[in-house]
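Visitor: fold the following.
(one chain, ligands or ions: 1)
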Amino acid sequence: MDIHTEPEPHHHERLWRPQTRLVRGGTRRSLHGETSEALYLNSGFVYDDAEQAEARFKGDQPGYVYSRYGNPTVTMFERRMALLEGTATGFAAGSGMAAVFAALMCQLRTGDHVVSSRALFGSCFYIVTQILPRYGIETTLVDGPDLDQWRAALRPETRCIFFETPSNPSLELIDIAAVSELAHEVGAKVVIDNVFSTPVLQRPLEWGADIVVYSGTKHIDGQGRCLGGVVLSDAAFRADHLEPFMRHTGPALSPFNAWVLLKGLETLDLRVARQCDSTEEIAEILLEQPAVGRVLYPGHGSHPQYRLAQRQMRRGGTVVSFDLAGGKDAAFKFMNALDLVDISNNLGDSKSLITHPATTTHRMLTPAERVSAGVTDGLVRLSVGLEDPEDLIEDLLQALGSLAC
Ligand SMILES: *Cc1c(COP(=O)(O)O)cnc(C)c1O
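Guide: Okay, here's the model as predicted:
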């Protein structure tokens, strides 16, 4: 039987609460009745006869033809993500950046205009400022929290806007509802990279966003095993823009990675809740340390946009950034003195990881761009994992202690 025409095993899956969707959403069992999601590790599909092949290619008969277009394990991941986000559809990609690039490029053409916030993940910044302009797509950068700048930048030819909230690594928030309203007034689509919030903590669609993008590499896998991404949208956007772009340019997600991400989703809510608990505890302790300057955490009352965080996010997230007085030297000395926390550029992992953005993820920015993105030389970004928070706090405090020597 064809997987697309099979009756939905759970036609009421849209009524399930989020945790149930994370565990069971989109699951399609094969005729063997396996408990866990099946891994269809294949590139192609065979047909009963030549007529069936013709019908599949013409689109008269639903069904798989090639794993670049679709694969049953990848479909389960796309359906689970769409169900979680509340969109009609999703299209998976081989990495978060492939998803970001596709979400933008599939709908843009020469002469279009894009507005984006300045505080972006390094590679997102590169796409917006370096790649899009090469194709005659003009881009304007704004300070995301400043609504006047969005208002001034939007024009009739603005095709879409793109931003992250909270941003990486300065954890600056953007009011999704207010900015979406402005964008829709000029007919622009709102594309949000929701990686830092995860689907568990923030639902951009509820605030007016049109398209949501994830790197599955981060919290969705959350255990450092594989890359992946997904673009979530309504059916028209997928049919008109996304699907033709993805099928023919080929940034497909491997079925194996889709399977890993499906297993990751089952524990996403539990992991994120526990990581938020620990991050809150650590932010409190960091705020008391004399060697630490600014502490940026949307879940703490000291964050300049705490009220917006409370409205828009369920909790403050699993990342805290902070400044060490003494700039790069102090940041390096502190990081090198850590014993438990690893130095790495990933985030959302079960292992706690620390990054010095100015010399790694945000190295390509000019010094002026770094300043406007909030990336100072003393800034470190801590992604809090699943270790016992007391062990993490002990490690952070002993490393801060080493700065005094
Ligand atoms: C990591 C990340 C990406 C890119 O994801 P990859 O899976 O590494 O390609 C995009 N946006 C944000 C905010 C990220 O943190």
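Visitor: buried ones in the helix or strand that contains Gln310?
Guide: Here Gln310, judged by DSSP states H and E, is contained in helix 306-312. Neighbour-count burial for helix 306-312, counted by 16 or more other Cβ atoms under 10 Å, picks out 306, 308-309, 312. Using the backbone N, CA and C atoms, a C-beta is placed for each residue, glycine as well.
Visitor: what mean pLDDT does stretch 212-227 get?
Guide: Stretch 212-227 shows a mean pLDDT of 98.
Visitor: next one: stretch 262-276
Guide: Mean pLDDT, stretch 262-276: 98.
Visitor: quick revisit: so what touches the helix or strand just after the helix holding Gln310?
Guide: Per DSSP H and E, the first helix or strand lying C-terminal to helix 306-312 is strand 319-324. Residues from elsewhere that reach strand 319-324 (Cβ atoms under 8 Å, 6 or more residues apart in numbering): 166, 168-171, 196, 279, 282-283, 286, 291-297, 330-331, 334, 347-348, 376, 378-384, 403.
Visitor: from the residues you listed, keep the buried residues only.
Guide: Buried among the contacts of strand 319-324 (16+ other Cβ under 10 Å): 166, 168-171, 196, 279, 282-283, 286, 291-292, 294-297, 330-331, 334, 347-348, 376, 378-384, 403.
Visitor: now, which of those residues lie within helices?
Guide: Cross-referencing those against helices under DSSP state H gives 279, 282-283, 286, 330-331, 334, 403.
Visitor: nearest to Val186 among those?
Guide: Nearest to Val186, judged by Cβ to Cβ, of those is Thr279 at 37.0 Å.
Visitor: how close does the closest one get to His300?
Guide: With distances taken as Cβ to Cβ, to the nearest Å, Thr279 is found 9 Å from His300.
Visitor: what residues does the stretch 1-150 of the chain have near the ligand?
Guide: 95-97, 100, 121, 124 (Cβ under 6 Å from any ligand atom).
Visitor: in CSV: the residues you listed, plus secondary structure, pLDDT and neighbour count.
Guide: Shown next, in CSV, are those (DSSP: H, G, I helix; E, B strand; the rest coil; pLDDT from 0 to 100; neighbours: other Cβ atoms under 10 Å):
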residue, secondary structure, pLDDT, neighbour count
Ser95, coil, 98, 19
Gly96, helix, 98, 24
Met97, helix, 98, 21
Val100, helix, 98, 27
Phe121, coil, 87, 21
Cys124, helix, 93, 25
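Visitor: make CSV out of these and add distance to Gly316.
Guide: Listed next are these as CSV, based on distance: Cβ to Cβ, whole Å:
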residue, distance to Gly316
Ser95, 26
Gly96, 21
Met97, 25
Val100, 24
Phe121, 19
Cys124, 22
